[in-house]
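A.B. asks: one predicted model, sequence on top.
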10 protein chains.
Amino acid sequence: MLYHVRMDVRIPHDMAAGERADLIAREKAYAQEVQRSGRWPHLWRIAGEYANISIFDVASHDDLHDLLSGLPLFPYLEIAVTPLATHPSDINA
Amino acid sequence: MLYHVRMDVRIPHDMAAGERADLIAREKAYAQEVQRSGRWPHLWRIAGEYANISIFDVASHDDLHDLLSGLPLFPYLEIAVTPLATHPSDINA
Amino acid sequence: MLYHVRMDVRIPHDMAAGERADLIAREKAYAQEVQRSGRWPHLWRIAGEYANISIFDVASHDDLHDLLSGLPLFPYLEIAVTPLATHPSDINA
Amino acid sequence: MLYHVRMDVRIPHDMAAGERADLIAREKAYAQEVQRSGRWPHLWRIAGEYANISIFDVASHDDLHDLLSGLPLFPYLEIAVTPLATHPSDINA
Amino acid sequence: MLYHVRMDVRIPHDMAAGERADLIAREKAYAQEVQRSGRWPHLWRIAGEYANISIFDVASHDDLHDLLSGLPLFPYLEIAVTPLATHPSDINA
Amino acid sequence: MLYHVRMDVRIPHDMAAGERADLIAREKAYAQEVQRSGRWPHLWRIAGEYANISIFDVASHDDLHDLLSGLPLFPYLEIAVTPLATHPSDINA
Amino acid sequence: MLYHVRMDVRIPHDMAAGERADLIAREKAYAQEVQRSGRWPHLWRIAGEYANISIFDVASHDDLHDLLSGLPLFPYLEIAVTPLATHPSDINA
Amino acid sequence: MLYHVRMDVRIPHDMAAGERADLIAREKAYAQEVQRSGRWPHLWRIAGEYANISIFDVASHDDLHDLLSGLPLFPYLEIAVTPLATHPSDINA
Amino acid sequence: MLYHVRMDVRIPHDMAAGERADLIAREKAYAQEVQRSGRWPHLWRIAGEYANISIFDVASHDDLHDLLSGLPLFPYLEIAVTPLATHPSDINA
Amino acid sequence: MLYHVRMDVRIPHDMAAGERADLIAREKAYAQEVQRSGRWPHLWRIAGEYANISIFDVASHDDLHDLLSGLPLFPYLEIAVTPLATHPSDINA
């Protein structure tokens, strides 16, 4: 099942540079591992913003929450989830 | 180039049933033709709403506007466009 | 899987009284049939508003959309869907 | 009487890890004690957010306020309360 | 139990003058009857707006909803309900 | 003249406990003194929130501002003022 | 006492031209009569909008409401009232 | 002096096609005449919306209001005006 | 030319008392000097808020920006500017 | 291709004066270099605010994001991007 997720990153300005770099490196590794598993088929940067729009493909709301709350950046993310259904005009559906 | 587009459909309640059915049929035909051209790679229904989230892949802002303003439903759509850039953690980028 | 749904009813003021009464009767019959199927475990009126808060228990986003878009009042509803996950402090989970 | 309550958790990022862990442990114990008393019949996690939607069943507004303001996390919660009435289509009412 | 209620009146501009006058007369009679019963202790006009702020004193959410949905103007009201608890600094509590 | 005032309390989380307790004690004393003067006839807690809804009865906007800006908590309050006029259906007016 | 008032004009597009012209003429006459009485010391057009910002100088909230609800355009106005107090840095206060 | 203006077009759906075409033709002629006068140096379509962003260069707020309220589409426009000052980093200033 | 300006003051709570007192004293001196120059004809306190509504009379957007950005409190102000034009019903215009 | 960009500057109040001055100097140098390249044809200050409205002319969303995320102030900017298409009434198009 597909979920549309927007994430806005709000890292506090006073976080130490090393801690920040480590956090972002771990986020990238986690994100790429989930992408390779097939559960994160799309990941786009919103032009001009420190934010992304993603599509997740997971089996349940609980799976989605586990995946998102496991993001190293999760404590600093503002997240909005929108469940996606099949569109009747989608030629691939 | 990719654009994220959300469309909310606001057809007036007093439109005649025949006119409405014709409009929706023409919208579907147009949407499927654009999908087949490769310029509308994703089209999802927002669960529970008469709205969709779409990804368009076109060459310019003008091409996007021409495509969207050509939708038969365009006069009845509330549209929000978000330009998408490559995400540094995207494994396919 | 559980979905939290808020529905605000916006029936046009100029709808004929008979049409309106028929619509509401069909809505009630549909709602009660879905409740009896176990897919609509909770249905509450928001005090003072022509609106409800509901919990649906269905297998997928597509099932939810089919169920909601089948509501006789659907063309007149403003709907907001929130997917619900298990809470770690829920004693029944 | 039923109350629909949404709680968004906003714990300051600079709270010491031990203080935070203690706070969350006390919140969980408190929440489970109230659930066992029958006054907190539903507690759900909003998928992707550090937030919950709850249903409380208490005798009065004062009881609700006492219960909520007694939550160990109360100083860090953004709370919205909606009173719920019986819905005329509810088959269990 | 006390409820704070704000009502904004949105009567359609094309309602016939006679129907409108009758509706407002019935609203006034109903409001005064409820006031005399002690369940509507305060009713104020918001200066400059076709809106009021009221305090209701009723036994339950269901009683409040019955009372409000019985207002002749109910189909034309935008209503927001806020449950009021005792304030610890209130000298009359 | 009556004014409807909503106050949301936003005390910084890092205020020292003693300073906070002193501030709240002075707020309570001030609030009760004003109530006894007759200028603050109603003071209610919004259920579930660290906020109140109040009715003030003072002679002028300047009197209201002096009273409110004299609250010990004033630097930490988000305040919204609504002037109240007589309602034509008020049976006590 | 001074009140800051913003008025946005929302005349329905289907009002007959003669009715509209008459309404606007009566509004102008009323506005100028109130200005001459000294109770409407400032009246400005918001550049680019069919809206105004006004300062009223009246004795009470009831006087303000009577004055505003007497405007011929009142049924078509969206009005926001802000009570103004003396500013401590005002050299004329 | 420069003004940034956003205009959203809201033509009623029930306007007759001929009236609508005539209105749009007159709007275009007026817009092009003002552009040729040098007072409307930039006019852009917002991609995907029936809206524009414009820069006007006129001598005063009154001139701006006269120009905008003279637009044939003015009764159907939602307009937001932002005054623009010189930016200290502008290499052409 | 007239500009309507609303300023909300947001001084950080952790500013040292002396620095704060000095800042406010300099703000007052600056404000009164500008008032005496005729460029700040009206300055009102919004009742109950640490905010003001002002009318400025200056020659250009650049003059307004220079004046406002010169306020000692400028780094702590949230400012909204609205250009004012002559109203056709203003008896003094 | 043209992009309309609004940037609101939110530099933390506790940044050291030297760090702040250096940051702003580097921002200005960067902004002027990009302007000289032709990719930032317009840069305006919003009167009364620490914010700007800009027009960028770049080849793609990726180019825009690279340019904006390279701004020395980027971590402290709230940015909103709007893609601009050709307007059919633009006499220069």
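C.D. replies: Looks like it came in fine.

A.B. asks: for residue A:88, phi and psi?
C.D. replies: phi -60, psi -20 (degrees, to the nearest 10).

A.B. asks: that one is in contact with residue B:45, isn't it?
C.D. replies: Yes: look at residue A:88 against residue B:45 with C-beta atoms under 8 Å: they come within range, at 7.4 Å. From N, CA and C alone the C-beta is placed, and that goes for glycine too.

A.B. asks: out of those two, which sits in the busier spot?
C.D. replies: Between residue A:88 and residue B:45, counted using other C-beta atoms under 10 Å in any protein chain shown, the more crowded position is residue B:45 (23 against 13).

A.B. asks: quick check: buried residues in the helix or strand hosting that one?
C.D. replies: Using DSSP states H and E, residue B:45 maps to strand B:42-46. By neighbour count on 16 or more other C-beta atoms under 10 Å in any protein chain shown, the buried set for strand B:42-46 is B:42, B:43, B:44, B:45, B:46.

A.B. asks: next structured bit after that strand?
C.D. replies: Using DSSP H and E, the next helix or strand after strand B:42-46 towards the C-terminus is strand B:51-57.

A.B. asks: mind exporting the C-alpha coordinates of that next one to CSV?
C.D. replies: What follows is strand B:51-57, C-alpha atoms only, in CSV (Å, rounded to 0.1, in the frame of the first residue of the first chain):
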residue,chain,number,x,y,z
ALA,B,51,-8.6,14.8,-5.2
ASN,B,52,-5.4,13.4,-6.7
ILE,B,53,-1.7,13.7,-6.3
SER,B,54,0.3,13.5,-9.5
ILE,B,55,3.8,13.6,-10.8
PHE,B,56,4.4,15.3,-14.1
ASP,B,57,7.6,15.0,-16.2
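
A.B. asks: so, in contact with chain A or not, the helix or strand just after it?
C.D. replies: Next in sequence after strand B:51-57, counting helices and strands by DSSP H and E, comes helix B:61-69. No: on the criterion C-beta under 8 Å from any C-beta of the partner chain, helix B:61-69 is out of touch with chain A, staying 11.9 Å away.

A.B. asks: what angle do helix B:61-69 and strand H:42-46 make?
C.D. replies: 50 degrees (axes from the mean of the first three to the mean of the last three C-alpha atoms, to 10 degrees).

A.B. asks: how about stretch A:9-22, which residues are buried there?
C.D. replies: Residues of stretch A:9-22 classed as buried: residue A:11 (neighbour count, 16+ other C-beta under 10 Å).

A.B. asks: quick one: mean pLDDT over that stretch.
C.D. replies: The average pLDDT within stretch A:9-22 is 96.

A.B. asks: likewise for stretch A:68-75?
C.D. replies: Averaged across stretch A:68-75, pLDDT comes to 98.

A.B. asks: what residues does that stretch touch?
C.D. replies: By C-beta atoms under 8 Å, 6 or more residues apart in numbering or on different chains, the residues outside stretch A:68-75 that reach it are A:5, A:7, A:9, A:11, A:23-24, A:26-27, A:30-31, A:77, A:79, D:13, D:47-48, D:50.

A.B. asks: which single helix of chain A contains the most residues?
C.D. replies: Longest helix in chain A, counting residues (DSSP state H): helix A:17-36.

A.B. asks: does chain D sit close to it?
C.D. replies: No: judged by C-beta under 8 Å from any C-beta, helix A:17-36 and chain D are separated, with a smallest distance of 11.3 Å.

A.B. asks: and what of stretch A:46-58?
C.D. replies: No: against chain D, stretch A:46-58 shows no contacts by C-beta under 8 Å from any C-beta, the least distance being 9.2 Å.
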